[in-house]
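Asker: Test case, fold it:
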Amino acid sequence: MHTTYRVTVPTFIKFLGGLKNVLAKAEAYAKEASLSEDTFVNDRLAPDMFPLVKQVQVACDNAKGAVSRLSGKENPKMEDTETTFAELQTRIDKTLVYLQSVQEADFAGAEERKIELPYFPGKYLIGTDYALEYAVPNFLFHVTTAYGIIRKNGVQIGKGDFVNGLPFRDL
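Answerer: The predicted structure follows:
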């Protein structure tokens, strides 16, 4: 199995699934507590940080962008027009469909592929370094921040919601 595939695609799928679950709990909580959905999705941890809606958008963009760069496939374009929990769920669903369409064989050569990022002109990372030191940590930063915003607003979620299950096996 390609290491770069294994540390990206399954990780992105798993944690986006967890984010979907957490967003569903946030939506239910907002309704129960009569909280404004608009206020909730536009809340942020600090004034200079992205709001919840943008954290979810960027997490999705990071996942699909990383997979596209590493597999050599075209990155599907998504407009940042979401304003509700339902629209954020749809964005995650579209991202998951794309991620699930990419096969391990598509990652042939990914470990050594030169990955250029527009915000680091004149520089590149090889695929393995990009995946392990940039793509996955950046993705998890935005998922974690979204989780933090949701928890800050009173939704009863815990580490188990974030981790979204472990692949335990019987002894």
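Asker: Any regions of this structure where pLDDT drops low?
Answerer: Counting by pLDDT under 70, the chain contains low-confidence residues at 1-2.
Asker: how about the helices in it?
Answerer: Along the chain, counting by DSSP state H, helices occupy 3-32, 37-41, 52-71, 85-101, 127-130, 136-152, 159-163.
Asker: So which residue is dead centre in this protein?
Answerer: Residue closest to the mean C-alpha point of the chain, counted by C-alpha atoms, centre = their mean, is A59 at 3.2 Å.
Asker: Report the contact partners of that residue.
Answerer: A59 makes contacts with F15, L16, L19, F139, H142, V143, A146, as judged by C-beta atoms under 8 Å, 6 or more residues apart in numbering. Glycine gets a C-beta too; all of them are placed from N, C-alpha and C.
Asker: how much space between the residue lying closest to it once chain neighbours are set aside and E111?
Answerer: With C-beta to C-beta, 6 or more residues apart in numbering as the criterion, A59 has its nearest non-adjacent residue at 4.0 Å, and that residue is H142. Going from H142 to E111 by C-beta to C-beta, to the nearest Å gives 24 Å.
Asker: ditto for F15
Answerer: When F15 is compared with E111 (using C-beta to C-beta), they lie 22 Å apart.
Asker: So for the two, which sits in the more crowded spot?
Answerer: F15 (22 against 17; other C-beta atoms under 10 Å).
Asker: So the more buried one sits against Y147, correct?
Answerer: No: at 9.7 Å, F15 does not count as touching Y147 under the criterion of C-beta atoms under 8 Å.
Asker: who touches both of the two?
Answerer: The contact sets of F15 and Y147 overlap at F162 (C-beta under 8 Å, 6+ apart).
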